[in-house]
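Asks: Next come a sequence and a model predicted from it.
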Amino acid sequence: MPTPRAITLLLLVGLLTAWLGQSLIGPPRPDGSPDRLLLPLQVQAAHDDERILIRLRWPTPEAHRYHDVLRFDGERWEVLGAGDAPGLGEERVSMMLDDGGVPEFARYGGYLLIGDGTRFMPGAADEADVEAHPILGQELGLSDIRKHLPDSRLGRWDEVPSTTALEAQRAAGYFLDLWHWRGDRGGPVNVVDDLHVAEHRHPDQGRSSYGTNWDDERGQPRYMFDPERAGQRALHAGQFDTDGMAPADTRFLTPDNRLDFDPEHDWQPGDTLPRRFLREADGSRADIEGHGGWENGWREVVFSRALDTGNPLEDKVIRPGGQYSVAFAVHSGGATGRHHHVSLPLSLGLDRPADIPVQRMPGGRPDWSRESREVMLFYPGQVNWPRITGPRHAGAEAVDQGIPASARHDAYQLALYGVEAEAEDAVVRRWLISVGLGLLFIVAVAAAGLSLGRRGP
């Protein structure tokens with residue numbers, strides 16, 4: 001019979017084998033997840049009693065990336081987006097702002113907005129079901145479930161209060177202001193897309209800074225470059241390489257340099273046109289300016305908006321002396337959809353202590369020489385609000401008690417949790433394989449020991 005000492009030794013060897021097995025198999029890597037789990041974002045802010053400026057900087061190796069393009073393959077034009085060709089997937093940065101109208105936002109940030117049925121998440125609602133929904137589809141004209149606030153639902157994604165109740169929530173301030181700088185679809189014309197989140201992520205009233213350069217009916221672009229003004233009718237695929245494009249190579253379709261597309265032109269394989277054309281934005285959607293630049297591997301964007309836009313049902317009013325909650329997100333390196341980096345919520349205070357102090361501008365100009373606040377962004381994975389508040393989350397009771405996420409987790413811990421949650425099935429499967437290998441090793445060693453014992457000296 002094996003002695004207790006021998007059994008203990010075998011168990012230790014089995015555990016070591018399981019650990020080695022897991023190391024050899026390697027950690028799970030969800031499809032589409034970024035190469036790095038953390039991304040630093042430098043933040044500064046200033047105001048002059050009329051406008052607020054938010055300066056954001058983050059590391060990125062490329063001067064510009066198109067969001068998506070149209071490319072001729074020799075026979076037909078095709079639509080290419082992020083992941084379809086190198087250099088695609090625009091740089092983006094966004095900020096959500098609240099004035100206390102959504103109290104939970106200050107504790108849980110963007111997690112709050114990923115509810116049941118959200119697109120790109122497990123259990124995403126079917127498009128046909130959303131379109132058939134009497135309120136979401138028939139009254140609001142929606143076809144998918146995007147960011148939304150918890151109280152805009154009575155449970156599942158399709159359990160929605162009446163439109164009267166939703167309007168009352170909005171009037172009471174139960175919505176978030178969303179500022180979204182898009183490097184290809186607004187950056188070249190210095191416009192930040194102005195949106196808001198309530199029962200859905202809505203654009204503010206007005207026209208965006210971009211339209212779609214694709215004619216579905218004809219299966220071809222709508223516009224091409226005017227060769228007299230742009231020097232060519234199209235870009236070439238060679239201008240979209242893995243190192244990105246130099247500033248001199250960037251071209252954007254604007255009212256000043258475009259012509260109606262000519263299908264009779266002798267188009268060559270690789271000829272490429274932007275899938276978006278730029279235009280003048282208007283209305284509430286054009287409330288925010290965004291001036292950006294890139295230098296030495298760092299991108300900088302400065303948001304500029306009036307403290308009070310005059311649109312209180314879409315934009316949060318910012319007041320001198322006030323304090324607000326903000327959270328940031330960056331899409332970098334071709335990241336699209338939910339594959340981005342986000343922050344926990346922080347406080348933003350005008351002329352008062354806060355995580356991000358908003359200093360008064362001397363002489364009407366910001367002093368960016370002051371030290372910035374570095375915010376560590378993290379990859380959130382597929383963690384939604386039902387998971388955080390449900391039995392699968394060990395901290396659900398703490399959430400129920402209103403304990404902020406930052407009191408229990410740092411950015412790195414949240415990134416690991418996000419990856420593990422997204423790759424949960426793979427984690428369990430690999431753990432079982434590792435344990436199985438360890439048990440097989442124990443059995444093999446024990447069998448060998450018994451065999452030697454029977455043979456004797």
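Replies: Perfect, I can see it now. Residues are numbered from 1 along each chain as shown.
Asks: only C-alpha atoms for contact and neighbour calcs from this point on.
Replies: Will do.
Asks: thought residue 288 was touching residue 193?
Replies: Yes: using CA atoms under 8 Å, residue 288 makes contact with residue 193 at a distance of 7.1 Å.
Asks: what sits in contact with each of the two?
Replies: residue 179 (CA atoms under 8 Å, 6 or more residues apart in numbering).
Asks: Report the separation between the spatially most central residue of the chain and residue 414.
Replies: Nearest to the geometric centre of the chain sits residue 340, at 3.7 Å (CA atoms, centre = their mean). Using CA to CA, to the nearest Å, residue 340 is found at 14 Å from residue 414.
Asks: Residue 134 now?
Replies: In terms of CA to CA, residue 134 sits 37 Å off from residue 414.
Asks: hang on, the earlier thing: what pLDDT does the residue nearest to the centre of the chain get?
Replies: pLDDT for residue 340: 92.
Asks: Tell me how far the closest residue to it other than its chain neighbours lies from residue 224.
Replies: What sits nearest to residue 340 in space, not counting adjacent residues and going by CA to CA, 6 or more residues apart in numbering, is residue 331, at 4.8 Å. Taking CA to CA as the measure, residue 331 falls 28 Å from residue 224.
Asks: and what of residue 254?
Replies: 10 Å.
Asks: Then residue 315?
Replies: 36 Å.
Asks: go on, residue 333?
Replies: 27 Å.
Asks: about what we covered before: mutual contacts of residue 340 and residue 414, please.
Replies: Listed as contacting both residue 340 and residue 414 by CA under 8 Å, 6+ apart are 379-380.
Asks: residues contacting residue 372?
Replies: 42-44.
Asks: Low-confidence ranges, the protein, go.
Replies: 1-32, 237-250, 424-457 (pLDDT under 70).
Asks: quick check: domain ranges of it?
Replies: 4-28+427-455, 38-422 (automatic domain parsing).
Asks: Ranking those domains by mean neighbour count, which comes first?
Replies: Among the domains of the chain, domain 38-422 has the highest mean neighbour count (mean count of other CA atoms under 10 Å), at a mean of 19.
Asks: isn't residue 94 right up against residue 193?
Replies: No: the pair residue 94 / residue 193 is not scored as a contact, 9.2 Å apart, by CA under 8 Å.
Asks: what touches both of the two?
Replies: 179-181.
Asks: Next, the contact list for residue 251, please.
Replies: Residue 251 sits next to 230, 235 when contact means CA under 8 Å, 6+ apart.
Asks: quick one: which helix or strand includes residue 117?
Replies: Using DSSP states H and E, residue 117 maps to neither a helix nor a strand.
Asks: Next: the one 4 residues further on.
Replies: In this structure, residue 121 is located outside every helix and strand according to DSSP H and E.
Asks: Would you mind measuring from it to residue 96?
Replies: Residue 121 is 20 Å from residue 96, by CA to CA.
Asks: In contact with the spatially closest residue to residue 42 that is not a sequence neighbour, which residues?
Replies: Counting by CA to CA, 6+ apart, residue 42 lies nearest to residue 374, which is 4.5 Å off, once chain neighbours are set aside. Contacts for residue 374 (CA under 8 Å, 6+ apart) come out as 40-43.
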